[in-house]
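>>> here you go, sequence then predicted model.
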Amino acid sequence: EIASCLVGSEMCIRDRGNRTSTWTQKVQSSTVTEKTTPEPESKYDDSRRPLLAAARSGAIALAVITVLSLLVWGGKNGMPGVWGVLLGAGISGTFVLLTVLGILFTARTSPSVTLAVVLGGWLLKIVVLIGVLVAIRNLEFYDNMTFFVTVVLTLMVTLGAEVWGMSQSNLTYVQPMKDE
């Protein structure tokens, strides 16, 4: 997840500063607030496009792996299997998707704000994760193996889907300046 996050945020930060499209020039030359941010002229000029694709692909992958895991582990272990899947998919899926959403929501801000949100979000998620794991460690309503396998599978599948979604996005990197 760290690699995916870094690639996504690096693409967002890189594209935000290096493109020379007319949309970027409008944004840089005007006083931009949240309410007056101009829209890109083309869908390919929006640097958030790969992040939107990553979030969409990750959410679909999370839903699919959760349903499949519920069928397999619920059938094998009953309700403890179902709870193990729900806990595992909920924790790992939320962890991964919140990173993408944090970068997405700060995509039109400065790189410093994006970095602060991503790092702050990671710190908060790790603290919450440790708290949840400590709280459920001695409980017996869920299957530990189901929980572990679901966490690992969900992380791998969701991150793979996010990388695939980002790699399939078309984005303008450089647009020639128009003669004025």
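Nice, I can see it.

>>> which residues touch stretch 57-71?
The contact list for stretch 57-71, computed with C-beta atoms under 8 Å, 6 or more residues apart in numbering, reads 82, 85-86, 88-89, 93, 96-97, 100, 146, 149-150, 153-154, 157-162, 164-165. For the C-beta atoms, the positions are set from N, CA and C on the backbone; glycine is no exception.

>>> mind exporting that stretch as CSV, just the C-alpha atoms?
Provided in CSV are the C-alpha atoms of stretch 57-71 (Å, rounded to 0.1, in the frame of the first residue of the first chain):
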residue,chain,number,x,y,z
SER,A,57,-11.1,-0.1,-9.2
GLY,A,58,-10.1,-0.5,-5.5
ALA,A,59,-13.7,-0.3,-4.3
ILE,A,60,-14.9,-2.8,-6.9
ALA,A,61,-12.1,-5.2,-6.0
LEU,A,62,-12.9,-4.8,-2.3
ALA,A,63,-16.6,-5.6,-2.9
VAL,A,64,-15.8,-8.7,-5.0
ILE,A,65,-13.2,-10.1,-2.6
THR,A,66,-15.5,-9.5,0.3
VAL,A,67,-18.4,-11.3,-1.3
LEU,A,68,-16.2,-14.2,-2.4
SER,A,69,-14.6,-14.5,1.0
LEU,A,70,-18.0,-14.4,2.7
LEU,A,71,-19.1,-17.3,0.5
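
>>> how about that stretch: buried residues?
By neighbour count, with 16 or more other C-beta atoms under 10 Å as the criterion, the buried positions of stretch 57-71 are 57-59, 61-62, 65-66, 69-70.

>>> and stretch 146-153, by the same measure?
Buried positions in stretch 146-153, judged by neighbour count with 16+ other C-beta under 10 Å: 146-147, 149-151, 153.

>>> so, low pLDDT: which residues of this structure?
Low-confidence segments of the chain, defined by pLDDT under 70, are located at 1-47, 170-180.

>>> separation between Glu140 and Thr154?
In this view, Glu140 and Thr154 are 22 Å apart by C-beta to C-beta, to the nearest Å.
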